[in-house]
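# Take a look and give me a structure for this.
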Amino acid sequence: MVGMTATTDPSPTPGSRPLTVHDLEGMPDDGRRYELIDGVLIVSPAPGRRHQKITYHLHHALEVACPSPLDVIGAPFAVHHGDAIELQPDVLVARDQDFTEKDLPVPPLLVVEVLSPSTSIHDLNTKKAVYERLGIPSYWVIDPDGPAMTVFELDTDGNYQQVAKVSGAEPFDTTRPYPVRIVPIELLDRPASDA
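Numbers count the residues shown, from 1 in each chain. Here you go, the predicted structure:
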C-alpha cells in the first residue's frame, strides 16, 4: 500500500509571503488536513480506519467523563493562535465558553494526536513543540500499532515532561483536565452500550 506523507513547504517561492490562517480558507475540501505552523503549510492525508476507530472511541471515553464547563471536539476543528498557526488535533478538550462556531482561538486544555506513518514525525516533534509553546497543559500521543499512549504535561517551567506511557490493557488514570481512565486496547473495541 502506498501512503501519502505529510508535506511542508519551508521556503516560499520568491516574492511570496508566509501563509496566514485566512489563506487556509481557500484550500480544497479534499479530505486532507491543512494546517499551518508559523506560516508554513502542512498537508496530511485523510486518516485510515484504525486511526479513526481510536479517535472516535477516545472521543467517546472523554465525552462520557467530561464535566459541563468543558467540551470535547474531534478533528477537523481548528485551533488558532494569531494569523500564523492553525492546527487540527485529532481530539481536543477546552472550556465551552472559549469555542466559537468555527474555531478555538485560545489554547485548549488537552490535545491528542493519533500517530500515522505520514504524520508521526510532525506529531512527535513539530506539533509537540508548538503545543508546548502555546502552553497547552496536556498532550497525549497514541500509537495505534501498540496500541500505546504517551502522556506529556507541562512542568512549572512550561516544558513538556513525559508523565506516563501505557500500552495494551494498562490503564491510564488522570485528573487533567478532569478525572478519566483510558485503556489503549479499549480504544480499538466498540464501547459498551450505555443502555
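
# thought Thr126 was touching Ile37?
Yes. With contact defined as CB atoms under 8 Å, Thr126 reaches Ile37; the gap is 6.2 Å. From N, CA and C alone the C-beta is placed, and that goes for glycine too.

# What residues sit buried inside the top helix by length along the chain?
Longest helix in the chain by number of residues, with DSSP state H as the criterion: helix 49-65. Neighbour-count burial for helix 49-65, counted by 16 or more other CB atoms under 10 Å, picks out 51-62.

# Which single one of the residues you listed is nearest to Leu154?
The nearest member of these to Leu154, counting by CB to CB, is Leu62 at 19.1 Å.

# and the gap between the residue nearest to that closest one when sequence neighbours are not counted and His57?
Sequence neighbours aside, Val72 is the residue nearest to Leu62 in space, at 4.6 Å (criterion: CB to CB, 6 or more residues apart in numbering). In this structure, Val72 and His57 are separated by 12 Å, where distance is defined by CB to CB, to the nearest Å.

# try Thr126
26 Å.

# Ile37 too?
Counting by CB to CB, the gap between Ile37 and His57 amounts to 28 Å.

# With Val166 instead?
Taking CB to CB as the criterion, Val166 is separated from His57 by 15 Å.

# ok, Ile142 touching Glu186?
No. If you go by CB under 8 Å, Ile142 and Glu186 don't touch, sitting 11.9 Å apart.

# So those two - more neighbours on which side?
Per other CB atoms under 10 Å, whichever of Ile142 and Glu186 has more neighbours is Ile142, with 25 against 19.

# Going along the chain, name the helices of the chain.
All helices of the chain, identified by DSSP H, fall at 49-65, 120-121, 127-134.

# In space, not sequence, find me the middle residue of this structure.
By CA atoms, centre = their mean, the mean C-alpha position of the chain lies nearest to Pro89, the distance being 2.4 Å.

# which residue packs closest to it, ignoring adjacent ones?
Counting by CB to CB, 6+ apart, Pro89 lies nearest to Val111, which is 4.0 Å off, once chain neighbours are set aside.
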